Structures are given as structure tokens and as C-alpha cells.
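**Student:** no FASTA, just this:
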């Protein structure tokens, strides 16, 4: 009898220890990071505010808001607007997403204001809504302006050069590698593997994407040396309006330091800008930058050129001067 009781007691203790051990091994699920506006973009010269977007306290509205409503991961977007009042801050966020950015304008009494969105390379939301408002000198918040945005698929990779422009023109992106190879609509992939994978509005066949993108995949060779980037108004599809553009370069997920120019850099093609039809002879690079990869190795293979598109053939065979 004593032995039976001892056996039952030991069995009970063993079961209790096993149960306790299992309970101790249970750990709460790792909390997922809270998504905020920085999952979508940052704002050049903007200050992040970890708070909800402020509610409107005035009837002031933003006018003539210009923004490309197509974006690419790791790309940029130039935004401009008008307001009838002097302002203290520009407020930029994403509708129904926590956090926003404040930007202090260089001149609070301008009529036209602008800023640059720097899209996150890891962004994967296909659709979202940018929210913009202003804070006046008396602390009053304007009515919000909303821009519905669509994400266009594009490569990011080790090195990414992207261009965005704010209306429907055939604006072309060109990259000259350190070895002299020229990546553009007429040669979309270099032997190193740099590839133009987004080419918009070719010969004014409008697709309304208004972005161009060159990237180097993880298997490509990012050659050390100086790279030159050109932005060309191949064909001005509507000379009656100006075209704002913005260009950015990421290397290993970071905006690269430039040798000449800024990164990102904005520019404008004014009203009546003539079509250039792809000639770079009279153009200066928008930026140049240097890749200093002392551990770079020669690529295992040379990449083959990509087939020319019909629009590229048309452009290359054009008799226009």
C-alpha cells in the first residue's frame, strides 16, 4: 500500500513538473512592428511626428496640387501646390496610417510650395492615399488634400536609379557606367546587368506611369567608378505646360553621396521646352556619383542585351533631328 501511494505521488509530481515546464516554455507572440508613414515614404527635409495627422481647424484649401499618382518602391515623387495664405509648416502623411511629416518652407509667404517624397524601397502596398495639409502662422490647420497613389512594379536591387515626372511627356533616363556602357531605351541592359525596367510614354504613346527606373539585381555587377545620370526630354508631348522631375539613387539601401549634383535632385523642363530626341551631346549629367567598392569582384557572367521594344526601334530609327 505504501509503495502504491509513493508511486502515485511520484507520478503526480512528474505530471505537475511537465505541465509547469510547458507553461514556462510558452512565450507571448512577438509583437509585430506598428506600421506608420515611414513604411511608405520619407519627406526630404521633413521631420517625422509620431502622432495622428492633425484635424482641420480652418476652411483654407490647397489649390493646384501637382503630383505623379504612380510611384515605384525606392523612387521619388515631386509635389507642388498653391495656397492663399502664409504658412508655417507643410504636413504630409498617409490617410488612416499613424505618423506624419512636417516641413518648414524656406519662405512662408510663397504662393507655390513644393516638396519631395522619397519612397521606401521595401514598400509593397499597391494602393494608398497621400494626405497633405498646411499649418498657418496662427496654428490653424487647413483642409486636407488627398491624392490616391498606385505602386508600379520596379526593380530595386543593389543599385537603383529612378526618375519621376509630374505629367505625360516622353522624358528619358540615361545612365553611363564607369566603363562607358550606356543604359537607356536603346540598350536596356548592360553586360554588368544594369537594367532599364520602366520606360514610360515612349514616343508619346501615353501610359501615364511617368516614371523610369534602372536597377542592378543581386546577381549583377556594380562596377566601381564614376556613374553619370542624364535626364532627357525626348519628346515634349504638350509644350504648353512645364514638367517637374525628380531623380534619386540608392546603393545598398542608402541614398548615395554625389560627386556633382544633389541626391535626390529636382529639375524642371519649362513651357515650350524643345524635344531633344535622345541626343546627349548638348546635355550635362543631372548628377554623377562614385561607387567605391574595394571588395568588388568581376561578375561570373556577362549579361546579354534585352530585345528592343517596338517603341525603342521606332525611336532609334527616327529621322527627327
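**Tutor:** Happy to help now that I have it. Fair warning: this is a prediction, and the values are worked out from it, not measured in the lab.
**Student:** Grab the nearest non-local neighbour of the residue most central in space within the chain.
**Tutor:** Residue closest to the average C-alpha location in the chain (CA atoms, centre = their mean): residue 75, at 2.1 Å. Among residues not flanking residue 75 along the chain, residue 162 sits closest, at 3.9 Å (CB to CB, 6 or more residues apart in numbering). All C-beta atoms are positioned from the backbone trio N, CA, C, and that covers glycine.
**Student:** any weak-confidence spans in the stretch 151-300 of the chain?
**Tutor:** Within the stretch 151-300 of the chain, the ranges that satisfy pLDDT under 70 run 294.
**Student:** same question, the stretch 1-150 of the chain
**Tutor:** In the stretch 1-150 of the chain (pLDDT under 70), the answer is 1-34, 108.
**Student:** Would you map the helices across it?
**Tutor:** For the stretch 1-150 of the chain, applying DSSP state H, counting those that start in this stretch gives helices covering 2-25.
**Student:** Buried ones in stretch 230-244, by neighbour count?
**Tutor:** 230, 231, 232, 233, 234, 235, 236, 237, 239, 241, 243, 244 (16 or more other CB atoms under 10 Å).
**Student:** Provide a list of residues in contact with the second one.
**Tutor:** Under the criterion of CB atoms under 8 Å, 6 or more residues apart in numbering, the contact list for residue 231 reads 163, 171, 172, 173, 174, 245, 247, 267, 286.
**Student:** Name the nearest of these relative to residue 208.
**Tutor:** Of all the contacts of residue 231, residue 171 has the smallest distance to residue 208: 12.9 Å, by CB to CB.
**Student:** tell me the contacts of that closest one?
**Tutor:** Applying CB under 8 Å, 6+ apart, we find residue 171 in contact with 163, 165, 200-201, 210, 212, 231-234, 243, 245, 269.
**Student:** Helix or strand: which one has it?
**Tutor:** According to DSSP states H and E, residue 171 maps onto strand 170-176.
**Student:** who does that strand pair up with?
**Tutor:** The strands beside strand 170-176 in its sheet (DSSP bridges) come out as strand 182-183 (antiparallel), strand 225-235 (antiparallel).
**Student:** quick revisit: turn the contacts of residue 231 into CSV, including distance to residue 103.
**Tutor:** Compiled in CSV, those are given as follows (distance: CB to CB, whole Å):
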residue, distance to residue 103
163, 22
171, 25
172, 30
173, 26
174, 31
245, 20
247, 20
267, 19
286, 23
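**Student:** Go through those residues and name the one nearest residue 43.
**Tutor:** The closest of those, once distances to residue 43 are taken by CB to CB, is residue 247, at 16.5 Å.
**Student:** wait, doesn't that closest one sit right on residue 77?
**Tutor:** No. The pair residue 247 / residue 77 is not scored as a contact, 11.4 Å apart, by CB atoms under 8 Å.
**Student:** Between those two, which contacts overlap?
**Tutor:** Joint contacts of residue 247 and residue 77 (CB under 8 Å, 6+ apart) are residue 164.
**Student:** OK, contacts around the residue lying closest to residue 227 once chain neighbours are set aside?
**Tutor:** If the residues on either side of it in the chain are set aside, residue 227 comes closest to residue 289, at 5.5 Å by CB to CB, 6+ apart. Under the criterion of CB under 8 Å, 6+ apart, the neighbours of residue 289 are 226, 227, 229, 249, 251, 256, 257, 258, 259, 263.
**Student:** at 7 Å what do you get?
**Tutor:** By CB atoms under 7 Å, 6 or more residues apart in numbering, residue 289 lies in contact with 227, 249, 256, 257, 258, 259.
**Student:** same deal with residue 170?
**Tutor:** 201, 202, 203, 204, 234, 235, 237.
**Student:** Okay, and which of those map to strands?
**Tutor:** In this view, those that belong to strands under DSSP state E are 234, 235.
**Student:** so which of the contacts of residue 170 comes closest to residue 300?
**Tutor:** Distances from residue 300 to the contacts of residue 170, taken by CB to CB, are shortest for residue 202, at 32.6 Å.
**Student:** The closest one against residue 311, yeah?
**Tutor:** Yes. Between residue 202 and residue 311 there is a contact under CB atoms under 7 Å: 3.5 Å.
**Student:** More neighbours: which of these two?
**Tutor:** Each of residue 202 and residue 311 has its neighbours counted (other CB atoms under 10 Å); residue 202 has more, 19 against 16.
**Student:** can you give me how far stretch 170-179 is from the chain middle?
**Tutor:** Relative to its chain's centre, stretch 170-179 lies at 18 Å (CA atoms, centre = their mean, to the nearest Å).
**Student:** Brilliant, that's me finished.
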